[in-house]
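K.L.:
starting from these lines, generate the structure:
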Amino acid sequence: MAIIQPFKALRPRPDLAAKVASRPYDVLNSEEAREEVKDNPFSFLHITKAEVDLPADTDIHSQDVYDRAKENLHQNQEHGVLSVEEKPCYYIYTLVMNGRSQTGLVCVSAVEDYFNDVIKKHEFTRPEKEKDRIDHMRTIEAQTGNVFLAYNNVAELDQLIANWKEQHDPVYDFTAEDGIQHTIWTVNDQAAIDTITRLFAEKVPATYIADGHHRAASAAKVSQALPDSEEARYFLTTIFPASELAIMDYNRVVKDLNGHSKEDFISALQEDFLVTLSDEQVKPSKLHEFGMYLDNQWYLLTAREGTYNDNDPIGVLDVTVLSENILDKVLDIKDQRTDKRIDFVGGIRGLSELEKRVNSGEMKVAFSLYPVTIHQLFDIADSGKVMPPKSTWFEPKLRDGLLTHLL
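P.N.:
Now for the predicted structure:
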């Protein structure tokens, strides 16, 4: 069963919350981050991507960057921009995007659960990305990056959280520049805190990493390096019930046709797919449908019976069908994590982004996919298998800086 605890969050003054809150460190490159912090000394990017305050040629993984992050964190505390909660609390975090809302519980989850597979994974991690966050955490002695977890709904928890939102005022409520509303409530009543902890311990057998595999892995390794730290035995998480979540499509663009002419390429696809011309953008409406954009033309690809395995949690995924029957078989892309001929486009950017990448000449062909469902993600994690890379895109993103876990 899931072990969670309340914690004393380091959080901003209410009047500065909108200025402090920043997009996650891993959705921005250094140049974008520098632009974002311009004229905003309060942005939490000064802590999560502290290279913004150093010369442009600074190695972003150098100790200088982590030391500057620590300095910036301490300055924000000294100046009263950030302060520590007086007692351990839970927090309720609601995000609203395009009229759709999702609400999760911010807490710290036990590293023990990560190692015991109570917290389930579905992706491989890369050592160099882990090392960056390990060095960042150990230097600044804080977890700034939230790990996004999911769980199967528990009616009592749903009701408790809904009631708290209805009966209490939020501590933060603002709409960010991208139009996403962020609202946070503090759960500081001991009876409510105890009930939440108990319900997770009794009724939540597993949580699932939706987004943040590298942050979770890094936190787990930091806990091993700090065996005497009680706080390091837990890491910062926001846990959403499955019914609150929607996964967006995660699409692909490829630089060339592996030596095929357009006609030969389409002919090769017809072995495994029914290929149909389309007069409009193709956003697949069901499993085993794909859109393809090639030479200013959209196509609908429908996987033929027998070319996928509906009885296998990995084989049924459209990212698997695309990987095996097009990327590998026809385009000779064996490892999507390392092959420079392929790139990935989150569904938040829309199908026009696929057209733009191809029409510019940068890419030759684009594929749109039907999104993975949250219950497919759960099935894969439960089976102990790993999804193909870049299978899921979650939106909206939690903001950094609103709730930080100190080590």
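K.L.:
where does this protein have low pLDDT?
P.N.:
Of all residues in the chain, none has pLDDT under 70.
K.L.:
please enumerate the helices of it.
P.N.:
For the chain, the helices defined by DSSP state H occupy 17-20, 30-37, 45-48, 63-78, 111-115, 127-140, 155-167, 190-203, 213-225, 262-269, 318-322, 351-359, 374-383.
K.L.:
export those helices to JSON lines and tack on distance to residue 395 and mean neighbour count?
P.N.:
C-beta coordinates here come from the backbone N, C-alpha and C atoms, glycine included. Formatted as JSON lines, the helices of the chain follow (distance: least, C-beta to C-beta, whole Å; neighbours: other C-beta atoms under 10 Å):
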{"stretch": "helix 17-20", "distance to residue 395": "19", "mean neighbour count": "20"}
{"stretch": "helix 30-37", "distance to residue 395": "17", "mean neighbour count": "16"}
{"stretch": "helix 45-48", "distance to residue 395": "19", "mean neighbour count": "27"}
{"stretch": "helix 63-78", "distance to residue 395": "26", "mean neighbour count": "17"}
{"stretch": "helix 111-115", "distance to residue 395": "25", "mean neighbour count": "18"}
{"stretch": "helix 127-140", "distance to residue 395": "21", "mean neighbour count": "18"}
{"stretch": "helix 155-167", "distance to residue 395": "21", "mean neighbour count": "14"}
{"stretch": "helix 190-203", "distance to residue 395": "26", "mean neighbour count": "15"}
{"stretch": "helix 213-225", "distance to residue 395": "17", "mean neighbour count": "21"}
{"stretch": "helix 262-269", "distance to residue 395": "30", "mean neighbour count": "15"}
{"stretch": "helix 318-322", "distance to residue 395": "17", "mean neighbour count": "22"}
{"stretch": "helix 351-359", "distance to residue 395": "14", "mean neighbour count": "17"}
{"stretch": "helix 374-383", "distance to residue 395": "13", "mean neighbour count": "19"}
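K.L.:
need the ones you listed in CSV with distance to residue 340, can you?
P.N.:
Formatted as CSV, these follow (distance: least, C-beta to C-beta, whole Å):
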stretch, distance to residue 340
helix 17-20, 37
helix 30-37, 20
helix 45-48, 27
helix 63-78, 26
helix 111-115, 32
helix 127-140, 16
helix 155-167, 45
helix 190-203, 43
helix 213-225, 21
helix 262-269, 20
helix 318-322, 18
helix 351-359, 15
helix 374-383, 27
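K.L.:
relative to residue 86, which of those is closest?
P.N.:
Closest approach to residue 86 among the helices of the chain (C-beta to C-beta): helix 190-203, 13.0 Å.
K.L.:
quick check: angle from that closest one to helix 155-167?
P.N.:
150 degrees (axes from the mean of the first three to the mean of the last three C-alpha atoms, to 10 degrees).
K.L.:
so which elements touch helix 190-203?
P.N.:
Contacts defined by 3 or more C-beta pairs under 8 Å, 6 or more residues apart in numbering; DSSP states H and E place helix 190-203 against strand 4-5, strand 90-97, helix 155-167.
K.L.:
what's the angle between that helix and strand 90-97?
P.N.:
Using the same axes, to 10 degrees: helix 190-203 against strand 90-97 is 80 degrees.
K.L.:
CA atoms only for helix 190-203, dumped as CSV, please.
P.N.:
Provided in CSV are the C-alpha atoms of helix 190-203 (Å, rounded to 0.1, in the frame of the first residue of the first chain):
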residue,chain,number,x,y,z
GLN,A,190,-4.8,17.2,11.7
ALA,A,191,-7.9,15.0,11.5
ALA,A,192,-8.1,15.5,7.7
ILE,A,193,-4.3,14.9,7.4
ASP,A,194,-4.6,11.7,9.3
THR,A,195,-7.6,10.5,7.2
ILE,A,196,-5.7,11.1,4.0
THR,A,197,-2.6,9.3,5.2
ARG,A,198,-4.8,6.3,6.4
LEU,A,199,-6.8,6.1,3.2
PHE,A,200,-3.7,5.8,1.0
ALA,A,201,-2.2,3.2,3.4
GLU,A,202,-5.5,1.2,3.3
LYS,A,203,-7.0,1.7,-0.1
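K.L.:
quick one: that helix to chain centroid distance?
P.N.:
Computed by C-alpha atoms, centre = their mean, to the nearest Å, the separation of helix 190-203 from the middle of its chain amounts to 26 Å.
K.L.:
domains in this structure, by residue range?
P.N.:
4-247+395-406, 250-370 (automatic domain parsing).
K.L.:
hmm, back to that, for residue 290, find the nearest of the helices and strands packed on helix 190-203.
P.N.:
Here strand 90-97 is closest among the helices and strands packed on helix 190-203 (C-beta to C-beta), at 25.7 Å.
K.L.:
can I get the domains of the chain in CSV with distance to residue 377?
P.N.:
Converted to CSV, the domains of the chain look like this (distance: least, C-beta to C-beta, whole Å):
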stretch, distance to residue 377
domain 4-247+395-406, 6
domain 250-370, 9
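K.L.:
residue 383 is nearest to which of the ones you listed?
P.N.:
Among the domains of the chain, the nearest to residue 383 by C-beta to C-beta is domain 250-370 (5.1 Å).
K.L.:
what's the end-to-end length of that closest one?
P.N.:
End-to-end span of domain 250-370 (C-alpha to C-alpha, to the nearest Å): 8 Å.
K.L.:
for stretch 147-165, same thing?
P.N.:
Stretch 147-165 has its terminal residues 22 Å apart, counting by C-alpha to C-alpha.
K.L.:
excluding its backbone neighbours, what's nearest the residue positioned nearest the centre of the chain?
P.N.:
Nearest to the mean C-alpha position of the chain, by C-alpha atoms, centre = their mean, lies residue 211 at 3.2 Å. Closest residue to residue 211 apart from its sequence neighbours, by C-beta to C-beta, 6 or more residues apart in numbering: residue 148 at 4.0 Å.
K.L.:
ok, that neighbour - how many residues close by?
P.N.:
When neighbours are defined as other C-beta atoms under 10 Å, residue 148 has 23 of them.
K.L.:
which strand residues bridge it?
P.N.:
residue 211, residue 238 (DSSP bridges).
K.L.:
quick revisit: which one of the helices and strands packed on helix 190-203 lies closest to residue 359?
P.N.:
When those are compared by C-beta to C-beta, strand 90-97 sits nearest residue 359, at 27.9 Å.
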